[in-house]
Every structure is written in C-alpha cells, then in structure tokens.
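Undergrad: Quick check, what structure comes out for this input:
(chains A and B)
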Amino acid sequence: MDDDIRAYVAQALRLQGYQLGEAQEAGVAAAFEGIAAIAAVLMQDELPLALEPAPVFLP
Amino acid sequence: MRRALDIVARIKAGEASALDVLAETEALIAARDPVLNSFTSLCLQRARVEAVAVDALCAAGKPLPPLAGVPYAVKNLFDIAGEVTVAGGRVNRANPPAGADAELVRRMRAAGAVLVGALNMDEHAYGFTTENSHYGVTRNPHDASRIAGGSSGGSAAAVAGGLVPLALGSDTNGSIRVPSSLCGIFGLKPTFGRLPRTGSFPFVHSLDHLGPFAADIDDLAAVYDALQGPDASDPACAPRAAEPVGHAAPGIRGERVAVLGGWFGRQAGDAAREAVQLVAAALGAARSVEWQGAEAARSAAFLITGSEGGALHRARLMRQYEDYEPLSRDRLIAGSLMPSAWLAQAQRVRRRAHEEVMALFAGAGLDLLIAPATPVQATVAGASTLQIGGRALPLRASMGLLTQPISCIGLPVCTVPVWPASGEPGLPIGVQLIAPPWREDLCLAAARLLARQGVAMAREPGVFA
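TA: Have a look, this model is predicted:
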C-alpha cells in the first residue's frame, strides 16, 4: 500500500477522533485506497469553471 | 405465483376473503422462507387487522381500494409503527420502535394492502449481495446456492419466491435493480424525488430512492400508482401531483429507442448482452448510442455514496465499530475521511452527467434507453469476485457498475426479467429501461410490451418446483 495513503488515513482518523486498533486502521486504509484510485481519475478531469455542483439534486 | 390484481379480483368477486389470502401467505412464508431467509420479522397481528378492515368493506358492500387484501412486505429500513427499524443493522436494535408508519407504508394501507413483515437487506443498504452478517444470507429463489442480490435482496427474493406478490425496497446505487435482475422480477426505480422517503432509514440523502417490486408488470404499475404523490415532509420529494400510469400504454416507437453502448457494453457479460439484444429486437430498437460520461458518473456516485454515507454513520462508528457489518464498516469510515475537493468534483461531474444524458435524449430524438441491469447473473453466495470477459472484478463493488451511472442522475428505470439461452441455465438477468425524468409511463409501457410478447416475465421459483 502507498505510504502516503497510510499516513493520510492515520492522520485523518486522529483528526476526526476515531480510536481504532492497528488491524482496523489497516482495513480503513485499504478501503480508502480503493476510493482514492477512483477519485484520482475523476480529479484529472478539468471541468468548466461555470459548471455548478449538484448538492441537492432534482432532475 | 399469485398476482396482486388477481387477488383483488378474487376478493371483489367474493371468491376469497382478505383473511383467506393472508392465511395462504402465512403458509407460503412458513414453507419457503426457511430456504430463502427473505424475512427478518413478521407482523401478522397487524396484518390480520388490515385484512379484517378489507373484509369489513366487502361485507358492507362498499367500494374496495385498488390493492384490497394484497399481502406485501417491506425492506426493513421502512418504519412500521411499533416495530424497531433495524435497516439491516445490529447497531439499530436498541433504537426505540417507530412511532408511525413510513409514508409509503401509510399509502399502501390506504390502498388496502396488507403488510405481513419486514425483509432482509445489506446493512444500511451498503452492498449488492444481501449477505448480512447479522441476519444471514438471503438466497436466490431460482438457485438457493446463489445470492439474491442487494441491497433489497429480501424484497426481491420474497416476490420471486412467490411469498408475496408485492414488496417495497430502496435504491441508492442499484438496490432495486440489482436484486430484480438476479431474482428475475420487475422492479421500478422512479425518478429521484417522485416517491417520498419519509419514515425510511436514510443512507445517501442525495441518492436515495424508494420503489416497488412485482412479478407482474400490471401489478407493478398498480402499486406505483398507489404510492405516488407529494409529501412536504421529505425535502427531496418533488411538489408534483400524482401522474397515474394505470393501464394507459403510450406508444413505444422503435426509432425512439436505443441501446446504450460503450461503458454498458464493456461491463456486460454474455448473458447480459444477449438479454439486451432480445429486448432491443422486441422493441424495434436498431440504434446504439454512447454516453461518454457514464464511467465518470459511476465514479461520482461511488464518491458521493462514500462521503455522505460515511458522514451519516461517523458518530456511531466511533462508539460502536464492532457492532457494524464487517463487510462495510471500513468502507464507511474511509468515506468519511475523503477530502472535500473530491466530493465537490463528484457533484460537478454529476451535473455534467445529467446534462449529457438530457442532450442524448433530446439530440438523438430518444424516449428510452436500454442497458443491462447487472454485468452477470446471480453469483454463488460467498464469492468475492465476478467475471466479465475474462476479467475478475471485486463482486461487492462491481455488481452495481451498470446501475450507478443512472441513479446518479435520478432517471426513472424499470428493470425487466429476461431468461437468456447463454449464461447460467435457469437463471434470469435484468435489463434496464431508462426514460427521461418523470416519464415512468414510458418505462412501464415498454415493460408491458415486452411482457405481452413473452420476452420479459417472471417464472415460478425453481427452488420450489
């Protein structure tokens, strides 16, 4: 696993107040790695500045 | 399998009472659910009260409501007055009982339907398999060694197994469409905002939909009509009057129907592709169109789900980590740690995805899009991967690859059951009929056409043959 991801997850867990054991933290880091892989592709997309988010979505 | 509208007709004709129908239902549940594990609780005392009320109307010669005496059940994230809403979780068992019925349960009661119990699901609706560590695996009525799909697996299995003719479920990323596909029944995910969610346990507020399951397309339309209408208590429910579909059948013109290619073709196995071809041929759809942003929309749904779902459960995960589903608790926590820029990007991609598909409908002159509902047929319980074209993909995330892009932008979808010659013998797979916003009538009309042609149908559950 990427050391940066492991470090990010460890710090983010502390920041949010989670108190997990080592094995639990590793499980979260593995799950986060999957999310990060998907996010990495999505974040490469430079969207038009005028494109607004859809925080409350109604078709 | 019993049809809901046949039950209503029998009761209206005096051939059976609602209590008779309830007794049949109890016997079917007692005989079949030990195999399926679709129910997590029964509410038979309440059911008797509701059935007696229908029989009293009959005895008085009063008009009967549209679903008079029809037994049904709900995914266990719907509030049932006096019962604890567990939402598939052990962590919720200590919650107080619901003070009132969910709005859709209230509407079902007003329509004369008889609630018999609550149904199994993936914990907090986060999954596509209904392999619940607390309440067990729900089994597929066509092969009990296989999953029913999820997260509304209990709802689909109970209908496909012939226990009840109707059930309600929820769909955040595919949780009505995936189990409908794997169990071989009809499922409707209406437009986001069409049906109120008041009194249901949330998962992802900006993606949660509720909807019905049925083994018969006319039953599905009838229950959908009974559920419609605005509700000011749900801020996402559109202030839109009910638009009953009834038996009206808007014409489906083949030249205004197209198969979704690209992402939806690449992520489909042989059986899924064959099912789409059968449906396309029956509807006269000769065209294929590509939505370039489908994969991005799926990614956006994935991130939004992780972030909103993780935030929703964060406080309780800190206190009660061990009580949560081992299959999903780490994913929930990971979602709560996402940088805000990822969520903001996902929401902007979501807006763009909506614009792309609206342009596809308008620009190509389309009323309906066709896509597979799941990449593959039901997999064996306990499996961790699925195979598409020789690629092994993680099953729990990948069963929703073809449903997530659509629910991300809130479009109405009817999933229809097809029985392809290729793939696993005796197993169904679903096809999504996708319409523009608020055009559930088109999805249902196309589904009805396919049912009339014998292309889409539920079959008697093979497990009990």
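Undergrad: Just the pLDDT for the residue of the stretch 51-200 of chain B found nearest chain A.
TA: Of the residues in the stretch 51-200 of chain B, the one nearest chain A is B:Gly193, at a distance of 5.2 Å by C-beta to the nearest C-beta. Yep, even glycine has a C-beta here, placed from its N, CA and C like the rest. B:Gly193 carries a pLDDT value of 96.
Undergrad: Also B:Gly462?
TA: 86.
Undergrad: Quick check: it touching B:Ala144?
TA: No: using C-beta atoms under 8 Å, B:Gly462 is not in contact with B:Ala144, being 9.1 Å away.
Undergrad: Please identify which of the two sits among more neighbours.
TA: Between B:Gly462 and B:Ala144, B:Ala144 has the larger neighbour count (other C-beta atoms under 10 Å in any protein chain shown), namely 19 against 16.
Undergrad: Leaving out sequence neighbours, find the closest residue to that one.
TA: Once flanking residues are discounted, B:Ala144 sits nearest to B:Val463: 5.1 Å by C-beta to C-beta, 6 or more residues apart in numbering or on different chains.
Undergrad: contacting residues around that neighbour?
TA: For B:Val463, the contact set (C-beta atoms under 8 Å, 6 or more residues apart in numbering or on different chains) comprises B:35-36, B:139-144, B:161.
Undergrad: Of the residues you listed, select the buried ones using a ChimeraX command.
TA: To isolate the buried members of the contacts of B:Val463 in ChimeraX, using 16 or more other C-beta atoms under 10 Å in any protein chain shown:
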select /B:36,139,140,141,142,143,144,161
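Undergrad: ok, for the residue of the stretch 51-200 of chain B closest to chain A, nearest residue in space, not its chain neighbours?
TA: Distances taken as C-beta to C-beta, 6+ apart put B:Ala238 closest to B:Gly193, at 3.9 Å, once the chain neighbours are dropped.
Undergrad: That neighbour belongs to a strand?
TA: No: assigned with DSSP: H, G, I helix; E, B strand; the rest coil, B:Ala238 falls outside any strand and is coil.
Undergrad: Can you get me a residue count around it?
TA: Around B:Ala238 there are 18 residues (other C-beta under 10 Å).
Undergrad: Touching, it and B:Pro230? I think so.
TA: Yes: at 6.8 Å, B:Ala238 counts as touching B:Pro230 under the criterion of C-beta under 8 Å.
Undergrad: anything in contact with each of those two?
TA: Residues touching both B:Ala238 and B:Pro230 (C-beta under 8 Å, 6+ apart): there are none.
Undergrad: ok, B:Ala271 touching B:Gly426?
TA: No: the criterion here is C-beta under 8 Å, and B:Ala271 misses it with B:Gly426 at 11.7 Å.
Undergrad: between these two, which one's more packed in?
TA: The residue with more neighbours, out of B:Ala271 and B:Gly426, is B:Ala271; 23 against 13, by other C-beta under 10 Å.
Undergrad: Distance of that one relative to chain A?
TA: 27 Å (C-beta to the nearest C-beta, to the nearest Å).
Undergrad: mean confidence for whichever strand or helix holds that residue?
TA: Using DSSP states H and E, B:Ala271 sits in helix B:270-283. For helix B:270-283, the mean pLDDT works out to 98.
Undergrad: show me where chain A has strands.
TA: Using DSSP state E, no strands are found in chain A.
Undergrad: Let me fix that, I meant to ask about the stretch 351-465 of chain B.
TA: B:368-372, B:385-388, B:391-394, B:413-418, B:429-434 (DSSP state E, counting those that start in this stretch).
Undergrad: Can you read off the backbone torsions of the nearest residue to B:Glu83 once chain neighbours are set aside?
TA: Nearest non-adjacent residue to B:Glu83, counting by C-beta to C-beta, 6+ apart: B:Pro97, 5.6 Å away. The phi/psi pair for B:Pro97 (degrees, to the nearest 10) reads phi -60, psi 150.
Undergrad: Hmm, B:Ser41 and B:Pro97 touching each other?
TA: No: counting by C-beta under 8 Å, B:Pro97 stays clear of B:Ser41, with 11.7 Å between them.
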